[in-house]
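Colleague: Build me a model:
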Amino acid sequence: MITIHFDGSITKNPGGVATYGYVIYKDNKLLKKACSVIGKGKGMTVNVAEYTALKQAMEWLNEQDIDDEITVKGDSMLVRHLSH
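Modeller: Below you'll find the model as predicted:
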């Protein structure tokens with residue numbers, strides 16, 4: 001089983017410095033961790049940061065050709081709403 005923990009953050013919403021991070025585990029063993037600055041200013045929001053975190057994690061899994069059940073964990077209410 002694959003588990004993704006993701007989060008996004010921004011210094012001022014909207015328009016601040018947007019960042020993201022994620023970790024990916026397979027059967028409780030760390031496979032990947034990453035974080036980065038997305039950008040700053042116009043167009044940057046906390047939702048952009050949250051979506052980017054999950055998108056980057058899913059793209060990495062896709063590149064690895066991992067085909068296991070995936071559980072996604074994050075505190076984004078918007079992402080959580082879309083997954084139901």
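Colleague: Show the subsequent helix or strand relative to the longest strand along the chain.
Modeller: Under DSSP state E, the strand in the chain containing the largest number of residues is strand 29-40. Next along the chain after strand 29-40, taking DSSP states H and E as the criterion, comes helix 46-64.
Colleague: which residues are in contact with whichever helix or strand comes after that next one?
Modeller: Going down the chain from helix 46-64, the next helix or strand is strand 70-73, by DSSP H and E. Residues from elsewhere that reach strand 70-73, judged by Cβ atoms under 8 Å, 6 or more residues apart in numbering: 1-6, 54, 61, 79, 83. Placement of C-beta: from N, CA and C, glycine included.
Colleague: could you give the mean pLDDT of strand 70-73?
Modeller: Averaged across strand 70-73, the pLDDT comes to 92.
Colleague: Provide a list of residue ranges in this protein with pLDDT below threshold.
Modeller: 80-84 (pLDDT under 70).
Colleague: Quick check: buried residues in the longest strand of the chain?
Modeller: 31, 38 (16 or more other Cβ atoms under 10 Å).
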